[in-house]
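K.L.:
coords please:
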Amino acid sequence: MAPINRWFKWPPVARNEDLNRAYDAFSFATTILRATRRDQPSVVADIRVYIQVPYEGTEHDSPQSRAQQAETFSPNELKAYTIMSGDHETCHFTPKLIGYAEESQGPNGLVPGGFLITIAWQRVSGIRLGSGIIGPYSTSTLGAQSSTTRGSPGPFWYQLRKLVELGVIPLQKGTRHLVFNKTTEELYWVGWYNASLKRGVKVNNAWLAIYKLAKPSKGDSSWMTDNWPRDISKWTF
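P.N.:
Predicted coordinates:
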């Protein structure tokens, strides 16, 4: 395995431990590793590791002192993958959960008794669409012209509605969280680190702007309000 991004801390770590606890926050680090199956190298997995780390300024305290910071934690990313993989026939357009482990750090850990979580999912095949306007892949290719287009919904709207029905909401923004396979013409939703778990979310044309599949008129931010008239006639696709 090889790390594909650097370690970082999230949420930002405050110097005051009491402040962190008051806001129900704690200090942890996360990274992503990439691995292949020994018996089938073509199968590639991404593995995210969450590990609790000491509050800033307490890194050199005794293990007994650091152990008092130990917390339990279940990331929304794991919950989202569990829900989607539990109904993967419906959510075949999301990465399949391979496995996970929820453990505690040992007595010599950074935070003895603190959480250590590992999540592995199968990497999907295709082209990540980037962080800007979709470029060579038109919104018509993805069936994303409008949430009210008559006839059968395209893959973008069909898949988004399925996710909303399950109560798994992708909070990530931009087309870089969409993967398109040219060979199979399959669209995949990736990047569930910031997943939200709630029901009753509205599915409307604002999602085109959220995912940068369309560009609203310059200076127009009405699509971010509840009373938006849903008019996309002046948007750029």
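
K.L.:
so what sits opposite the spatially closest residue to I127 that is not a sequence neighbour in the bridge?
P.N.:
Counting by CB to CB, 6 or more residues apart in numbering, I127 lies nearest to F180, which is 5.6 Å off, once chain neighbours are set aside. All C-beta atoms are positioned from the backbone trio N, CA, C, and that covers glycine. Beta bridges link F180 to I127, L187, judged by DSSP bridges.

K.L.:
thinking F180 is in contact with G126, fair?
P.N.:
Yes: using CB atoms under 8 Å, F180 is in contact with G126, at 5.3 Å.

K.L.:
who touches both of these two?
P.N.:
Shared contacts of F180 and G126 (CB atoms under 8 Å, 6 or more residues apart in numbering): 186, 188.

K.L.:
what's across from the closest residue to S42 other than its chain neighbours in the sheet?
P.N.:
Counting by CB to CB, 6+ apart, the nearest residue to S42 once its immediate chain neighbours are dropped is T36, at 7.7 Å. Legend: beta-bridge partners of T36 under DSSP bridges are V44.

K.L.:
right, and T36 touches V44 too?
P.N.:
Yes: assessed by CB under 8 Å, T36 is found in contact with V44 at 5.5 Å.

K.L.:
the bottom helix or strand of the chain by mean pLDDT?
P.N.:
Least confident helix or strand, the chain: strand 8-9 with a mean of 34, by mean pLDDT, DSSP states H and E.

K.L.:
in what helix or strand does the nearest residue in space to Q172 that is not next to it in sequence lie?
P.N.:
Nearest residue to Q172, sequence neighbours excluded (CB to CB, 6+ apart): G191, at 4.7 Å. Assigned by DSSP states H and E, G191 belongs to no helix or strand.

K.L.:
relative to G167, how far out is G191?
P.N.:
For G191, the distance to G167 equals 18 Å [CB to CB, to the nearest Å].

K.L.:
have a look at these two and say which one is more surrounded.
P.N.:
G191 (18 against 15; other CB atoms under 10 Å).

K.L.:
could you look up the SS state of P95?
P.N.:
Following DSSP: H, G, I helix; E, B strand; the rest coil, the label given to P95 is coil.

K.L.:
quick check: pLDDT value at it.
P.N.:
As predicted, P95 sits at a pLDDT of 94.

K.L.:
what count of nearby residues applies to it?
P.N.:
So P95, with other CB under 10 Å, has 23 neighbours.

K.L.:
which one in this protein is furthest away from the centre?
P.N.:
S62 (35.3 Å; CA atoms, centre = their mean).

K.L.:
roughly how far does the spatially most central residue of the chain sit from T94?
P.N.:
In the chain, the C-alpha nearest the mean C-alpha coordinate belongs to W192, at 1.7 Å (CA atoms, centre = their mean). According to CB to CB, W192 and T94 sit 8 Å apart.
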